[in-house]
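>>> Structure for the following, please:
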Amino acid sequence: MTRRLGRPILLTAARITGVILTEVIAHLVGRSRPPGRNHDAWCRCDFFLPSGHVVGGSNFLFIDAYLVFPHSSHNIDLIAAIGAAAVGLTVEAASRIYVGYHWFTDTGTSASLSIVLLAVVIVVDISRGEAAAEM
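Predicted coordinates for the structure are as follows:
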């Protein structure tokens, strides 16, 4: 498999892993939403740690930034993309807290989960690159 073909597969695998981990952790922890909002109007779900919106959004931002911009001739492009992803993550997490759908710890856990997934993507991508270079 070429390095170019492996990146979309790696991206898809990371996103699916994020969804699965979010669901598994939510059911294991069993934490409910903050009180004071009518959440039952649109969802009968009971478990909300971690935030699926934050995990999904930050996986999209961080992993895409890493997989798209390392081919750039300037490292500043990758740094700017990761910085923009961090701003996007902060805005997403703050919005989930602001509307009362999550506790701060829900979004913090979600951000941490996304950073771990990004680290795994980087390790796998680098190890695939080294394996391809040896061939």
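>>> quick one: buried residues of the helix or strand containing residue 16?
Assigned by DSSP states H and E, residue 16 falls within helix 3-29. Neighbour counts over helix 3-29 (16 or more other CB atoms under 10 Å) mark 6, 7, 10, 11, 14, 15, 18, 21, 22, 25, 26 as buried. C-betas here are computed from N, CA, C, even on glycine.
>>> just stretch 80-90 next, same as before
The neighbour-count check on stretch 80-90 (16+ other CB under 10 Å) flags 81, 82, 85, 86, 88, 89 as buried.
>>> Likewise for stretch 91-99?
Residues of stretch 91-99 classed as buried by neighbour count (16+ other CB under 10 Å): 92, 93, 96, 97.
>>> Now do the contacts for the second one.
What it means is residue 93. 51, 54, 107, 108, 110, 111 (CB atoms under 8 Å, 6 or more residues apart in numbering).
>>> Tell me how far it lies from residue 75.
Going from residue 93 to residue 75 by CB to CB, to the nearest Å gives 27 Å.
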